[in-house]
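> No letters, just coordinates:
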């Protein structure tokens, strides 16, 4: 998942409202850093979700539940590839 600069700035404001003033502009390198940080966070969140799905597959005995968990893991991994 790629965030727009506007989304990144909004998330940064949400995370720390004191950080930005209404008429203050961010430098391009600061926005680029925040974009990389958000992309890394999204990637790690997807990886954790895929790992949790895979762990659930091993716990469930029911074949339908295991199939659903494996499909969920595959969908999450596909989302990671399209980031």
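On my side now, so go ahead. As the structure is a prediction and not an experimental result, all values here were calculated from the model.

> Which secondary structure elements does the lengthiest helix in the chain sit against?
Determined from DSSP state H, the single longest helix within the chain is helix 28-59. Counting contacts by 3 or more CB pairs under 8 Å, 6 or more residues apart in numbering; DSSP states H and E, helix 28-59 is packed against helix 5-15, helix 63-81. The C-beta positions use only the backbone N, C-alpha and C, and glycine is treated the same way.

> mind putting the ones you listed in TSV, mean neighbour count, distance to residue 29 and mean pLDDT included?
What follows is the helices and strands packed on helix 28-59, written out as TSV (neighbours: other CB atoms under 10 Å; distance: least, CB to CB, whole Å; pLDDT from 0 to 100):
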stretch	mean neighbour count	distance to residue 29	mean pLDDT
helix 5-15	14	12	80
helix 63-81	14	26	83
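
> Serialize the ones you listed to a markdown table and add fields for distance to residue 40.
Converted to a markdown table, those look like this (distance: least, CB to CB, whole Å):
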| stretch | distance to residue 40 |
| --- | --- |
| helix 5-15 | 12 |
| helix 63-81 | 12 |
